[in-house]
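Q: attaching a predicted model along with its sequence, questions to come.
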Amino acid sequence: MATKRSSSRRQFLKTTAAASVGAATLGSAPRVVGARSHGLPQQADGPLVISSRNGMNAVERAMEVIKSGADALDAVVAGVNLVEEDPNDTSVGYGGLPNADGVVQLDAAVIHGPTGRAGSVACIEGIKYPSKVAKLVLERTDHVNLVGKGAQEFAIMHGFPVENLLTERARLAWVRWRENLSNRDEYLPPHEADDPSIGADYEPQHRTWGTIHCSAIDLAGNISSVTTTSGLAFKIPGRVGDSPIIGAGLYCDNEVGAAGSTGRGEANLENCASFLIVERMRAGDSPEQACLYACERIADHTRKAYLLNERGEPDFNVQFYALNKAGEVGGAQIRGENGQFAACNSEGSFLVDLAYLYK
Ligand code: ASP
């Protein structure tokens, strides 16, 4: 599905080279202790797929689909479907950890670079493949977001069965969580943002996160993205994370590149982080620089006392993954030196190190 407006990668490379001269100072990130170079062989004109660390099978499947001549959007959705149906991945689709009431509510979104269209579902229940429903929202409605019951009814209209997504493993994890709840959970009384007594036992770093994001460039050079998740484990029913929100949990511009995220969704929602990354790449940042920039932005904007450690650093994590039109990939996270993400080009699949702000 090449479009007339799709510029060549060579053209993008020229633009990037020119822009990066001016961007050298903008890209500096004083907190960075761990910018990493990655080992992915660069293939300026080949197809490319990236995903979060849990998507090694997904990037391989997406690459197979791309090699058969399919559009990048079909490829990334086919890739993440493997994770959505996997009962052992407790962060996505079937087997995902439920909300505080023990109900699995899923979020997903897609963006199609060549046509600039997007679709998403949030808080959808009983539907195993929310990414497929998000794609149908893109293709078969004039809307972008459908939530809750409306999203489920739309899926039923298109022939999706309603299934029980709560596996025994996820149910038992929920029961354990509920039985060990602290008396200071995330239902907060009125308070000032810097009140240290609020959320003293909240410990955001101990919450269970997980999601799959996948972006790809197909044989025609077109880019698309998907993010799908069961969201924050044991969330307040009705909570919508960043994954189904265009610009937060994912963003894609066919002329520039794509970005996606996992981790504390609230930080992305407050900072439009995936959109920010794509705009930084447009201005000349490499994917890794742009991802680090988004980590910096989140760190600068985190003011709630219960989200900061004793050094004033965010005490939670967010990971970003990005690729650009030139076929470069990169990623970063706020905390930790051992983060990785999955990538695949026509040579094979690779794990790529994430840069980081804080050890
Ligand atoms: N970002 C997702 C959310 O906040 C969760 C995750 O990636 O772990 O819903």
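A: Yep, that arrived.
Q: now the closest residue to Asp253 other than its chain neighbours, what's its secondary structure?
A: Excluding its sequence neighbours, the residue lying closest to Asp253 (Cβ to Cβ, 6 or more residues apart in numbering) is Val278, at 5.2 Å. The way it works is simple: take the backbone N, C-alpha and C, and place the C-beta from them, glycine included. For Val278, the assignment made with DSSP: H, G, I helix; E, B strand; the rest coil gives helix.
Q: what is the neighbour count of Val278?
A: Close neighbours of Val278, defined as other Cβ atoms under 10 Å, add up to 25.
Q: contact partners for it?
A: Tyr251, Cys252, Asp253, Val256, Gly257, Ala258, Ala259, Ala290, Ala322 (Cβ atoms under 8 Å, 6 or more residues apart in numbering).
Q: could you give the number of residues near the last one?
A: Okay, so that is Ala322. By the measure other Cβ under 10 Å, the count of residues near Ala322 is 33.
Q: which strand or helix spans Asp107?
A: Using DSSP states H and E, Asp107 sits within strand 105-112.
Q: give the next helix or strand downstream of that strand.
A: With DSSP H and E, the next secondary element past strand 105-112 is strand 117-125.
Q: which residues are contacting whatever helix or strand comes next after that next one?
A: Using DSSP H and E, the helix or strand that follows strand 117-125 towards the C-terminus is helix 130-140. The contact list for helix 130-140, computed with Cβ under 8 Å, 6+ apart, reads 73, 77, 80-81, 84, 93, 106-110, 112, 117-121, 124, 127, 143-146, 151, 154-155, 158, 160, 226, 228, 244.
Q: stretch 67-79 too?
A: 1, 47, 49, 51, 55, 57-63, 65-66, 110, 112-114, 131-132, 135, 214-220, 222-226, 346.
Q: sticking with the nearest residue to Pro287 once chain neighbours are set aside, tell me its helix or strand.
A: Leaving aside its sequence neighbours, Pro287 sits nearest to Gly330 (Cβ to Cβ, 6+ apart; 3.3 Å). Assigned by DSSP H and E, Gly330 belongs to strand 329-335.
Q: what does that strand contact?
A: Taking Cβ under 8 Å, 6+ apart as the rule, strand 329-335 contacts 38, 40, 48, 50, 205, 263, 286-292, 294-295, 298-299, 313-314, 316-323, 339, 341, 343, 352, 354-359.
Q: switch to 6 Å and redo it
A: Outside strand 329-335, the residues within contact range by Cβ atoms under 6 Å, 6 or more residues apart in numbering are 40, 50, 286-288, 291-292, 295, 314, 317-323, 339, 341, 343, 354-358.
Q: and the pLDDT at the closest residue to the ligand within the stretch 101-250 of the chain?
A: In the stretch 101-250 of the chain, the residue that lies nearest the ligand is Gly241 (2.3 Å; Cβ to the nearest ligand atom). As summarised for this prediction, Gly241 has a pLDDT of 95.
Q: count the neighbours of the residue nearest to it when sequence neighbours are not counted for me.
A: Nearest residue to Gly241, sequence neighbours excluded (Cβ to Cβ, 6+ apart): Gly265, at 3.3 Å. Using other Cβ under 10 Å, Gly265 has 28 other residues around it.
Q: how about the residues of the stretch 251-359 of the chain by the ligand?
A: Applying Cβ under 6 Å from any ligand atom, we find that the stretch 251-359 of the chain lies next to the ligand at Thr262, Gly263, Gly265.
Q: and the second one, its phi and psi?
A: Gly263 has phi and psi values of phi 110, psi -160 when expressed as degrees, to the nearest 10.
Q: gap between stretch 281-289 and the chain center?
A: 18 Å (Cα atoms, centre = their mean, to the nearest Å).
Q: revised request: answer the last question for stretch 269-285.
A: With Cα atoms, centre = their mean, you get 13 Å for stretch 269-285.
Q: start to end distance for it?
A: Using Cα to Cα, to the nearest Å, one end of stretch 269-285 lies 22 Å from the other.
Q: with stretch 136-150 instead?
A: 13 Å.
Q: just the contacts of stretch 67-79: which are in helices?
A: Asn57, Ala58, Val59, Glu60, Arg61, Ala62, Met63, Val65, Ile66, Ser131, Lys132, Lys135 (DSSP state H).
Q: got a pLDDT number for the fifth one?
A: At Arg61, the pLDDT value in this model is 97.
Q: now do the contacts for the most centrally placed residue in the chain.
A: Central residue check for the chain by Cα atoms, centre = their mean: the C-alpha nearest the mean position is that of Ser261, 2.8 Å away. Contact partners of Ser261, counting by Cβ under 6 Å, 6+ apart, are Gly249, Asn268, Ser274, Phe320.
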